[in-house]
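[1] okay, predicted coordinates and the sequence, questions at the end:
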Amino acid sequence: MKEQQEKIRVLDPHIILILFISAFVFGIGILMIFLERKEIRTEGYEFIIFSVEILMLLLILYYMRTVVLSREGCTVSWLFWKRNYKWEELAVIREDVWYTYGKGGSIRYQGIVFSKYAVNKKKKKYTTRMIVDAFPLSDCFYITFDEHGNVFSYKLEKGKKQVIRKMYVNVREKMKEWGVEAEKGEGIKEEEKQRQYDEMIELRRQQRKKIQSKGADCTNLKEYQQEVIKIRYFLQITMVILITVLLIWTGLSAEEGERIPILILEFLIDAPLLFFSSKVVTLSKEGCKISYLFFKKMYKWEELEIIREDYFPSFRDRRSRGIVFSKRKKNKAGYIYTTREIVGSGHILECFYIVLDADGNIHLYKRLAAKDGKTKLRKVAVNIPQKLAEWGVEMEKMMKYTGGTYDL
């Protein structure tokens with residue numbers, strides 16, 4: 001156990017995703033072989049599958065880099081190549097945030113970047129982006145961790161029964177214990193400034209008058225808002241339906257011998273999209289219900305340990321206002337769930353969220369009776385924070401910056 005505490009082994013964050021994609025493509029290849037034995041034409045697909053597997057193998061080799069941190073320094077290894085650095089030999093030790101493809105990227109990473117040299121061969125100062133994009137065999141490398149500074153690893157514990165346990169190690173605390181200081185990068189400094197700006201904007205927003213709902217001349221609008229609020233994302237559903245129609249059309253348009261493997265492949269791609277786009281969140285005075293097709297879960301408000309209003313990346317933009325819900329308050333590491341962890345959780349029936357507009361409203365379409373007696377399809381704006389407060393539901397407000405910029 002002592003050795004485990006003194007050394008921290010960190011893998012590249014891309015390797016798990018690449019291994020998953022490689023296993024998926026390999027499964028498609030096995031399917032092609034099965035179809036060929038059944039005398040179904042699959043000519044041309046073998047070359048595509050083989051090419052993708054070769055690409056995946058090259059990516060695995062590229063990202064197969066391990067960084068081991070210890071009290072003495074760092075050890076970077078890649079296959080049979082290994083290099084040791086003492087802490088005092090590293091000119092750059094910087095904690096920062098970065099995105100997949102620059103600042104406009106969709107995935108946010110947080111971690112520490114290291115470099116033996118402060119400037120490159122062109123005498124330019126090493127930025128975080130330059131270190132992250134550096135070749136694996138260079139003197140630039142990095143590690144990633146979660147918002148709390150934790151990395152996890154799996155350890156085989158031997159005893160009466162061999163058990164594989166998931167262990168968390170806090171890199172920030174461990175480096176402080178070793179006497180190693182990491183400077184703050186520009187990304188973290190920008191987020192701190194943006195967080196202060198967001199808090200000021202939120203105070204101003206709370207002082208504004210609430211925008212009244214459109215279609216206020218409807219006689220039964222108040223009654224409709226008080227009962228049940230069923231939230232669907234029609235834009236997302238429409239996009240998935242269009243993709244589904246396009247995939248079916250391309251599958252049916254293929255030649256007869258190629259039609260079955262193409263339709264099977266398209267089904268494997270489209271089925272997850274259809275499943276996740278079927279998400280419906282229903283709010284009422286008694287509680288809320290989350291459903292995906294035939295999978296449903298009902299919670300009373302007191303059963304949810306987290307009801308939090310915050311900003312987070314969503315399908316609309318990189319910084320959406322919304323409310324996150326969680327059945328449990330803490331994760332397996334014992335830390336309180338962050339908003340980003342709830343949004344990206346794989347426990348879709350225990351951790352879920354809804355997306356609001358800038359004023360906290362959702363817009364629903366309902367056929368309501370007007371004063372003239374005729375029914376009209378109205379776009380109704382319902383303020384969810386106000387409705388939850390009316391129902392007596394307590395909600396914490398984080399409203400912290402999680403990436404991107406905000407315009408008034």
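    Everything's here; your move. No experiment lies behind these values; they were computed from the predicted model shown.

[2] CA atoms for contacts and neighbours, from now on please.
    Fine.

[3] what packs against the one helix or strand Ile269 maps to?
    In this structure, Ile269 sits in helix 256-277 according to DSSP states H and E. Judged by 3 or more Cα pairs under 8 Å, 6 or more residues apart in numbering; DSSP states H and E, helix 256-277 is in contact with helix 14-37, helix 234-253.

[4] buried sites along the last one?
    Going back to what we said before, that points to helix 234-253. Gln236, Ile237, Val240, Ile241, Thr244, Leu247, Ile248, Gly251 (16 or more other Cα atoms under 10 Å).

[5] can you spell out which helices and strands pack onto that helix?
    helix 256-277.

[6] what mean pLDDT would you report for the helix it packs on?
    Averaged across helix 256-277, pLDDT comes to 78.

[7] okay, the residue nearest to the spatial centre of the chain and Glu255: tell me how far apart.
    Most central in the chain under Cα atoms, centre = their mean is Gly344, positioned 3.9 Å from the mean C-alpha point. According to Cα to Cα, to the nearest Å, Gly344 and Glu255 sit 40 Å apart.

[8] before we move on, what about Glu72?
    Glu72 is 63 Å from Glu255, by Cα to Cα.

[9] which parts of the stretch 251-400 of the chain are helices?
    256-277, 339-343, 384-390 (DSSP state H, counting those that start in this stretch).

[10] what sits up against the longest strand seen in the chain?
    Secondary structure of the chain per DSSP state E: the longest strand is strand 92-103. Outside strand 92-103, the residues that touch it by Cα atoms under 8 Å, 6 or more residues apart in numbering are 105-118, 128-129, 181-188, 404.

[11] sorry, back to before: please say which of Glu72 and Glu255 ends up with more neighbours.
    Glu72 (14 against 11; other Cα atoms under 10 Å).

[12] now do the contacts for that one.
    Taking Cα under 8 Å, 6+ apart, one finds Lys86, Trp87 in contact with Glu72.

[13] rerun that using 6 Å as the cut-off
    Glu72 makes contact with Lys86 under the criterion Cα atoms under 6 Å, 6 or more residues apart in numbering.

[14] how close does it sit to Asp359?
    On the measure of Cα to Cα, Glu72 and Asp359 end up 52 Å apart.

[15] and stretch 228-236, how far apart are its ends?
    22 Å.

[16] what residues does it touch?
    Here stretch 228-236 has contacts from Val280, Val281, Thr282, Leu283, Ser284, using Cα under 6 Å, 6+ apart.

[17] narrow the residues you listed to those that are buried.
    The buried subset of the contacts of stretch 228-236 (16+ other Cα under 10 Å) comprises Val280, Val281, Leu283, Ser284.

[18] can you tell me how far the third one sits from Pro313?
    Which is Leu283. On the measure of Cα to Cα, Leu283 and Pro313 end up 22 Å apart.

[19] same check on the second one?
    In this structure, Val281 and Pro313 are 18 Å apart, going by Cα to Cα.

[20] how about the last one?
    When Cα to Cα is applied, the distance between Ser284 and Pro313 equals 26 Å.

[21] over to the first one?
    Spatial separation of Val280 from Pro313 under the definition Cα to Cα is 19 Å.

[22] ok, now Leu273?
    Counting by Cα to Cα - Leu273 and Pro313 are separated by 18 Å.

[23] so these two - more neighbours on which side?
    Pro313 (22 against 18).

[24] how about the contacts made by the nearest residue to the more buried one once chain neighbours are set aside?
    Take Pro313 and drop its neighbours on the chain: the residue closest to it by Cα to Cα, 6 or more residues apart in numbering is Arg319, 4.8 Å away. Neighbour list for Arg319: Tyr311, Phe312, Pro313 [criterion: Cα under 6 Å, 6+ apart].

[25] now do the spatially closest residue to Lys296 that is not a sequence neighbour, the pLDDT please.
    With Cα to Cα, 6+ apart as the criterion, Lys296 has its nearest non-adjacent residue at 5.8 Å, and that residue is Ile290. Residue-level confidence at Ile290 comes out at 91, pLDDT.

[26] does Val10 really touch Val67, like I thought?
    Yes: counting by Cα atoms under 6 Å, Val67 is a contact partner of Val10 at 5.2 Å.

[27] for the stretch 101-250 of the chain, give me the ranges with low pLDDT.
    For the stretch 101-250 of the chain, the stretches flagged by pLDDT under 70 are 101-106, 153-166, 202, 204-227.

[28] quick one, helices of it?
    Using DSSP H, counting those that start in this stretch, the helices of the stretch 101-250 of the chain run over 128-132, 171-177, 186-207, 221-226, 234-253.

[29] no further queries at this time; thank you.
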